[in-house]
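**Q** Return atomic coordinates for the entry below.
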Amino acid sequence: MNVTVLFFATLKERAGTERIALELADDASVADLKTVLRVRMPALEQSLPTALVSVNREFAFPEDALPPDAEVGIFPPVSGGEDPPTIVEVRAGPLSVDELTAGIVGAATGAVCVFSGVVRAHTTRADAQQQPHETEQLQYEAYAPMAEAKMQQVTKEIRARWPEVAGIAIVQRTGALAPGTPTVLIACAGAHRDSGVFAAARYGIDRLKEIVPVWKKEIGPDGAAWVQGKYQLTPEDHASPETELAEKTQ
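**A** Residues are numbered from 1 along each chain as shown. Modelled structure (predicted):
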């Protein structure tokens with residue numbers, strides 16, 4: 001199918017054009033469109049992770065399907081505030097540290113701390129009752145809309161604890177992943193290394209494992225089993241009224 005892509009503001013400057021026509025697969029999504037643009041127009045690489053997308057003049061999200069002959073707008077977050085950049089996403093595709101950091105680095109950024117979870121092939125647990133075992137594959141599943149909302153909550157908790165942390169990105173991958181594959185990336189950016197970015201990234205992954213609805217199934221030579229956590233929710237795990245309001249207005 002064919003779509004028309006319109007570029008605005010900084011995206012237009014980097015693309016070097018106001019519009020292009022693209023031919024895409026019939027089942028292409030917004031995420032697929034961004035992937036095609038990343039390949040065809042490398043100058044957009046740093047802008048695409050945080051770029052907003054509209055389809056036929058309505059906001060669209062990565063998983064949304066594109067209709068034939070759609071008019072697609074690509075533009076930066078609209079003017080009206082100086083909020084630090086925030087990226088939260090559940091995705092099925094590969095994770096890129098370069099893409100993630102590019103989306104949260106600003107003119108005042110001097111340090112970025114990145115945590116990456118990776119699929120282990122061999123697991124030895126501290127619990128003596130659990131024998132070491134081999135993993136051939138991890139299958140990740142997420143309640144994506146709620147997961148992204150709780151990721152937003154985590155970013156707000158980080159900024160409340162470490163006010164000097166500016167850009168934050170939390171991206172979780174889903175699907176079947178082989179050993180050595182990144183499963184989650186958390187990046188925190190600040191003016192310098194003493195701005196709290198190390199502690200903030202650690203807090204981010206710990207909190208994600210507590211309140212973000214993501215599950216994994218371990219598949220190995222001896223069979224398959226879901227890995228279940230032990231954390232029990234408390235009233236403090238609810239989003240604050242300010243967080244809920246922010247989520248509704250995004």
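**Q** Show me which positions of stretch 1-17 end up buried.
**A** Using 16 or more other C-beta atoms under 10 Å as the test for burial, stretch 1-17 gives 3, 5, 6, 7, 8, 11, 14, 15. Glycine gets a C-beta too; all of them are placed from N, C-alpha and C.
**Q** got the contact list for the closest residue to the last one other than its chain neighbours?
**A** The reference is to residue 15. Of all residues not flanking residue 15 in the chain, residue 7 sits nearest, at 4.6 Å (C-beta to C-beta, 6 or more residues apart in numbering). Residue 7 makes contact with 15, 17, 18, 19, 20, 74, 75, according to C-beta atoms under 8 Å, 6 or more residues apart in numbering.
**Q** Tell me the pLDDT of the second one.
**A** If I follow you right, that is residue 17. For residue 17, the pLDDT comes out at 93.
**Q** How about residue 181?
**A** 94.
**Q** re earlier: most neighbours among the contacts of residue 7, please name it.
**A** Among these, the one with the most neighbours (other C-beta atoms under 10 Å) is residue 74, at 23 neighbours.
**Q** Distance of residue 32 relative to residue 72?
**A** Residue 32 sits 11 Å away from residue 72, going by C-beta to C-beta, to the nearest Å.
**Q** meant to ask about residue 25, not that
**A** 15 Å.
**Q** more neighbours, those two?
**A** Taking neighbours as other C-beta under 10 Å, residue 25 and residue 72 compare with residue 72 leading, 23 against 10.
**Q** Which neighbouring elements make contact with whatever helix or strand the more buried one lives in?
**A** Taking DSSP states H and E as the criterion, residue 72 maps to strand 71-75. If you count contacts as 3 or more C-beta pairs under 8 Å, 6 or more residues apart in numbering; DSSP states H and E, strand 71-75 packs onto strand 2-7, helix 9-15, helix 30-40, strand 52-55.
**Q** got a list of contacts for the second one?
**A** Applying C-beta under 8 Å, 6+ apart, the external contacts of helix 9-15 come out as 7, 18, 41, 43, 44, 47, 51, 74, 75, 76.
**Q** Note down every partner strand of the helix or strand following it and its orientation.
**A** Downstream of helix 9-15, the first helix or strand assigned by DSSP H and E is strand 19-23. Looking at strand 19-23 with DSSP bridges, its partner strands are strand 2-7 (antiparallel).
**Q** average pLDDT for the strand it pairs with?
**A** Here the average pLDDT along strand 2-7 is 96.
**Q** that older thread, tell me the helix or strand right after the strand holding residue 72.
**A** strand 86-91.
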